[in-house]
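Visitor: turn this into a structure:
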Amino acid sequence: MKTLTIFCKSIEVGLKTGLDICDITHQINRLVTESKIENGSLCATIIGSTGSLTTIEFEPGVVKDLKIAINRLASPDLEYEHEKAWHDGNGHSHVQAALLGPSITLPVRGSHLRLGTWQQLVAINHDNRPRTRQIEVTITGTEV
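Guide: Residues are numbered from 1 along each chain as shown. This next block holds a predicted model:
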């Protein structure tokens with residue numbers, strides 16, 4: 001009978017001023033390999049209130065489309081209550097990140113992330129300045 005294993009590690013990603021979208025699929029796949037987990041689940045969480053994680057087809061057209069859509073949801077040109085309190089120009093950054101969310105859960109099958117052919121895992125910086133983001137990864141499942 002196989003036993004349940006929990007593997008925890010973090011990665012660091014340097015992101016430019018938002019909106020910056022970075023493909024982190026290869027880094028996360030390396031952690032899956034390192035974990036030796038064959039079947040289970042991966043949960044990743046970006047640390048910080050102006051970052052988010054999601055999956056997309058990481059190609060220039062989709063990346064541009066996603067940036068346009070995010071700015072439509074929470075435009076940097078609108079007035080935000082956050083600005084009245086902190087005057088740091090990033091009220092939209094907090095709202096954008098909250099709408100997309102900081103975490104994602106993905107299946108691990110056959111010691112690999114189970115993603116579609118054109119599906120990549122991306123980290124997004126919504127902030128109005130560059131950020132180095134920690135992404136905490138927990139992989140739970142049965143070992144090879």
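
Visitor: packing partners of the helix or strand of the chain with the lowest mean pLDDT?
Guide: The helix or strand of the chain with the poorest confidence is helix 81-86; it has a mean of 91 (mean pLDDT, DSSP states H and E). The contact analysis (3 or more C-beta pairs under 8 Å, 6 or more residues apart in numbering; DSSP states H and E) places helix 81-86 against helix 91-100. Every C-beta, even on glycine, is put in place using the N, C-alpha and C of the backbone.

Visitor: avg pLDDT for the helix it packs on?
Guide: Averaging pLDDT along helix 91-100 yields 97.

Visitor: can you list the buried residues in that helix?
Guide: 91, 92, 93, 94, 95, 96, 97, 100 (16 or more other C-beta atoms under 10 Å).

Visitor: return the member of the residues you listed nearest to residue 4.
Guide: Nearest to residue 4 out of the buried residues of helix 91-100 is residue 100 (C-beta to C-beta; 30.1 Å).

Visitor: so what's that closest one up against?
Guide: Listed by C-beta atoms under 8 Å, 6 or more residues apart in numbering, the contact partners of residue 100 are 52, 53, 54, 70, 124.

Visitor: check for me that the last one belongs to a strand.
Guide: What that stands for is residue 124. Yes - counting by DSSP: H, G, I helix; E, B strand; the rest coil, residue 124 falls inside a strand.

Visitor: what about it, how many neighbours?
Guide: 26 (other C-beta atoms under 10 Å).

Visitor: for the one 4 residues further on, same thing?
Guide: When counting by other C-beta under 10 Å, one arrives at 16 neighbours for residue 128.

Visitor: which residues does residue 104 bridge with?
Guide: residue 44 (DSSP bridges).

Visitor: is it true that it touches residue 41?
Guide: No - Residue 104 is not in contact with residue 41 according to C-beta atoms under 8 Å; the separation is 10.6 Å.
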